[in-house]
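K.L.:
Here is a sequence with its predicted model. Questions after.
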Amino acid sequence: MINNIKILYHQGKQYIPDVTKVEVPGVFRGRPEITNEIVDVNTLVELCPTAAIASNPVSIDLGKCTFCGECAFKFPNKIAFTKDYKISTNSRQGLIIKEGDVDPITLNPDLIRKEIYSIFGGSLKLRQVSAGGDNSCEWELNACGNVNFDMGRFGIEFVASPRHADGIVITGPITENMAEPLQICYDAVPDPKLIILAGTDAISGGIFADSPALNRSFLNKYKIDLYVPGNPVHPLTFINGVLELLKRT
Amino acid sequence: MDNYLVINNNQTVLLKDIPVLNYEDFLSLNTSFIDESTRHCVNYFAYKLHNKLKLICCIADDSNSTILLSSSEINVDETEYPSFTAKHLSFHIFEREIHENFGIKYSDHPWLKPVRFAYDRHDKNSTIDNYSFYQIDSEELHEVGVGPIHAGVIEPGHFRFICNGEQILHLEIQLGFQHRGIEQLFLNKTKLLQRTTLSESIAGDTVVGHTSTFVKLWESLCNYKADEDIQFARTLALELERIAIHTGDLSAISTDIAYQLGSSVFGRLRTPLINFFQIWCGNRLAKGLIRAGHSHFYFTKELAAQLENTLNAYEKDYSEMWNVFKELPSVLARLEKTGVVNLEQATAIGTVGMVAKASGLNRDIRASHPDNNYVDLKHEPITKRHGDVYSRTQIRNNEIEQSIEYIRKMLQNIPEETKERAPLSLPAPNSFCLSLTEGWRGEICHCAITDEKGDLMVYKIKDPSVHNWLALALAVRNNEISDFPVCNKSFNLSYCGHDI
């Protein structure tokens, strides 16, 4: 007993007091900024492993980006990844960062369904479906609930059954072999319900985009409520994205 | 001339130098190799060559750091071949894969079931939803199906239990839900950065393990020797990954026995370790850190000082928690004698890594086939005897302590950054290369074959989980079904690494 109390005392307070403002340590690669400098665009476009970079104007699609940072290493005056981890948004187009864009990434309030705040504003239970995920996003989604990030304090939690859930969080590029279980899981969630795509693989297929082993037809059928980019998603990106989605608009 | 070729870890040889035997000789040679417990199969695979199927078998000999290669060419027709598996169970998964992908028939394979329902499998009528599970007809027994989607935030796989009341008689594990066709993508995607990105995604919890295996193999194919500072960083990252994941596993084991304090404390102790990866390379799981022939992230003296502080703070809190955990009767009651794999089973299955070592089978690439800084570290693997959940938990504790010691030793002698690096040339044509790495789960093996132009023609990935899943299925027999989660967590096997 005494030993347990000692451990608690030594651990102190581990939670991040304000997850919306905390600074991440080190050289985190978050929201990129692209300057108007003239560079060899063909080389830049060719460099990207997932064709996330387009030309005219030069842009980076965060839904395809693996955040490897290779473009910023080769063209440091053109591209820089900032430490801004608030990169979730609710429109696919909103993930494309163009030359000169320096504004924070926000959610488009017109695309947020009205019932989201009224029904889920105080409590949101999510069912996670890994559909070919490499266990890195799954890891970080688990970390969202640990004592450091403590997503539970906002009433946001992952639950065991789709019957108890208000929506699903998909990770991975959606393999052919997971297409049916994903559909069954989604159908089992009661209406109204959300769909969140977590990670580059889920949003665009990422490095697997043209693999013959995928079946992404599920995504053509439904509106996506939130895109959370990352490889894997950072817990702060996920938590802030969901908090923005649940805000009164 | 010998009927097999002897190579070392990370060695490139000409494909034509691997002797081609007739199937009977090939079978008796490789199965007789395995009669020695110091030898085991690290990879056995097939690929189409003209109208035939080429089989390549790679046996590691732990006693002298070598790998023994041999091959055979067989017809793809209605012929039934005798299986390796009938002589040694440890080949079962490789022959199942060959059967599933190419339709090769075996006359005496005891368990010829699909492995992962690859998109390019031979029999397209065999699908993941018509898999035939083993059944026992009895009024006293019942079946429990779990998955593919599990209660927690984890990867998908299906577990089918046959139970007598609360007791598990039989467990069958059906995988393949995570199949992304990675081996084919390695051939389709021709840029080195694309292939490196793919290797970072084989198993996102073993980024350092799989990526360093790929880059070692690639550098060997290009006849390139990595500079000392790069070798140093790879070794350091591998040990740091081991500490981080083992710590997370201790948290997960605590969760599964409802020990809240352990779950929270071990869980939060992982955070500064993976945050150190972010400080070093911008990614908590070390994606971006390891690159063939160069590195964007030199390990500086400042980073070393930071890591030392991180480890000092970690160690104090970690040992305080572990010392309470390891003596708590309610913890031990759940972990001891649960999910046992004995040495005989571990050897027959061909287990590797932590699972093998917990059952007393000394298998660790860092000691048997060392490269990078492991040559100087002179690693001595830690083994246990009981093969239960507690042994696998203890292994993690011991390996955490050992890895901290290795890192501290390495930090005393940080190599200078090489400013001018030699450029990578192109891979050698008509070659075969094999690379082994001891990831935190166990032995990772990648093999590559290049064609006459030096392009990749075959890329084979073997995660340690490929060997170990069967051990989990056998370990839970006669246990209560309520102990399954903690058994599963004590193995912590990879779904995506298996399904690739």
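P.N.:
Great, that's in hand. In this text, all values refer to a predicted model and were calculated from it rather than measured experimentally.
K.L.:
okay, CA-based contacts and neighbour counts for the rest of this
P.N.:
Fine.
K.L.:
who touches the closest residue in space to B:Gln260 that isn't next to it in sequence in this structure?
P.N.:
Leaving aside its sequence neighbours, B:Gln260 sits nearest to B:Ser254 (CA to CA, 6 or more residues apart in numbering or on different chains; 6.8 Å). By CA atoms under 8 Å, 6 or more residues apart in numbering or on different chains, the contact list for B:Ser254 reads B:260, B:262-263.
K.L.:
got the domain boundaries for chain A?
P.N.:
If you go by automatic domain parsing, the domain ranges for chain A are A:32-98, A:109-246.
K.L.:
so who does B:Ile104 touch?
P.N.:
Residues in contact with B:Ile104, defined by CA under 8 Å, 6+ apart, are B:76-81, B:98.
K.L.:
among these, which ones are buried?
P.N.:
Neighbour counting over those (16 or more other CA atoms under 10 Å in any protein chain shown) leaves B:81, B:98 as the buried ones.
K.L.:
Please identify which of the contacts of B:Ile104 is nearest to chain A.
P.N.:
Distance to chain A across the contacts of B:Ile104 (CA to the nearest CA) is lowest for B:Ile98, with 18.4 Å.
K.L.:
could the contacts of B:Ser254 be laid out in TSV, adding secondary structure, neighbour count and pLDDT?
P.N.:
As requested, the contacts of B:Ser254 are exported to TSV (DSSP: H, G, I helix; E, B strand; the rest coil; neighbours: other CA atoms under 10 Å in any protein chain shown; pLDDT from 0 to 100):
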residue	secondary structure	neighbour count	pLDDT
B:Gln260	helix	12	94
B:Gly262	helix	22	95
B:Ser263	helix	22	95
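K.L.:
for these, which one is nearest B:Asp463?
P.N.:
B:Ser263 (27.1 Å; CA to CA).
K.L.:
just to revisit the earlier point, I'd like the average pLDDT over the host helix or strand of the residue nearest to B:Gln260.
P.N.:
Following DSSP states H and E, one finds B:Ser254 within helix B:228-256. Mean pLDDT, helix B:228-256: 96.
K.L.:
Need the three-state assignment for the residue in the stretch 401-500 of chain B positioned nearest to chain A.
P.N.:
Closest contact between the stretch 401-500 of chain B and chain A, by CA to the nearest CA, is at B:Cys496 (5.8 Å). With DSSP: H, G, I helix; E, B strand; the rest coil as the basis, the three-state label of B:Cys496 is helix.
K.L.:
how about the nearest residue to it, chain neighbours excluded?
P.N.:
Nearest residue to B:Cys496, sequence neighbours excluded (CA to CA, 6+ apart): B:Gln178, at 5.2 Å.
K.L.:
Now stretch B:192-201: buried residues?
P.N.:
Buried residues in stretch B:192-201 (16+ other CA under 10 Å): B:193-201.
K.L.:
excluding its backbone neighbours, what's nearest the residue of chain A found nearest chain B?
P.N.:
Here the residue of chain A nearest chain B is A:Gly26; by CA to the nearest CA that distance is 3.6 Å. Excluding the flanking residues, the one nearest A:Gly26 by CA to CA, 6+ apart is B:Ile279, at 3.6 Å.
K.L.:
Can you read off the pLDDT for that neighbour?
P.N.:
pLDDT, read off for B:Ile279, is 95.
K.L.:
Could you verify my assumption that it touches A:Lys83?
P.N.:
No - in this structure, B:Ile279 is not within contact of A:Lys83 by CA atoms under 8 Å, at 11.7 Å.
K.L.:
neighbour-wise, which of these two wins?
P.N.:
Taking neighbours as other CA atoms under 10 Å in any protein chain shown, B:Ile279 and A:Lys83 compare with B:Ile279 leading, 21 against 17.
K.L.:
Report the contact partners of that one.
P.N.:
B:Ile279 touches A:25-28, counting by CA under 8 Å, 6+ apart.
K.L.:
Kindly provide the distance from the residue in chain B that chain A sits nearest to to B:Cys222.
P.N.:
Nearest residue of chain B to chain A: B:Ile279, at 3.6 Å (CA to the nearest CA). B:Ile279 sits 31 Å away from B:Cys222 when distances are taken as CA to CA, to the nearest Å.
K.L.:
can you check B:Gly353 too?
P.N.:
Using CA to CA, B:Gly353 is found at 29 Å from B:Cys222.
K.L.:
and what of B:Ala348?
P.N.:
For B:Ala348, the distance to B:Cys222 equals 37 Å [CA to CA].
K.L.:
and residue 70, how many neighbours?
P.N.:
Picked chain A for this. By other CA under 10 Å, the residues close to A:Glu70 number 18.
K.L.:
think we crossed wires, I meant chain B
P.N.:
Counted with other CA under 10 Å, the neighbours of B:Ser70 add up to 23.
K.L.:
For the nearest residue to it once chain neighbours are set aside, give me its contacts.
P.N.:
Of all residues not flanking B:Ser70 in the chain, B:Tyr4 sits nearest, at 4.8 Å (CA to CA, 6+ apart). The neighbours of B:Tyr4, taking CA under 8 Å, 6+ apart as the test, are B:18-19, B:68-70.
K.L.:
How about B:Phe177?
P.N.:
A:131-132, A:175-178, B:116, B:128, B:148, B:156-157, B:499.
K.L.:
need those in JSON lines with distance to B:Gln231 and pLDDT, can you?
P.N.:
Converted to JSON lines, those look like this (distance: CA to CA, whole Å; pLDDT from 0 to 100):
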{"residue": "A:Ala131", "distance to B:Gln231": "35", "pLDDT": "96"}
{"residue": "A:Gly132", "distance to B:Gln231": "31", "pLDDT": "95"}
{"residue": "A:Thr175", "distance to B:Gln231": "35", "pLDDT": "97"}
{"residue": "A:Glu176", "distance to B:Gln231": "38", "pLDDT": "96"}
{"residue": "A:Asn177", "distance to B:Gln231": "38", "pLDDT": "96"}
{"residue": "A:Met178", "distance to B:Gln231": "38", "pLDDT": "96"}
{"residue": "B:Arg116", "distance to B:Gln231": "34", "pLDDT": "95"}
{"residue": "B:Ile128", "distance to B:Gln231": "42", "pLDDT": "93"}
{"residue": "B:Pro148", "distance to B:Gln231": "39", "pLDDT": "95"}
{"residue": "B:Pro156", "distance to B:Gln231": "35", "pLDDT": "95"}
{"residue": "B:Gly157", "distance to B:Gln231": "36", "pLDDT": "95"}
{"residue": "B:Asp499", "distance to B:Gln231": "29", "pLDDT": "96"}
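K.L.:
Which members of the residues you listed are positioned in helices?
P.N.:
Among the contacts of B:Phe177, the members found in helices (DSSP state H) are A:176-178, B:499.
K.L.:
Return the closest of those with respect to A:Leu111.
P.N.:
Taking the ones in helices among the contacts of B:Phe177 together and measuring to A:Leu111 by CA to CA, the closest member is A:Met178, at 28.5 Å.
K.L.:
Just give the number of residues close to that closest one.
P.N.:
For A:Met178, the neighbour count with other CA under 10 Å is 26.
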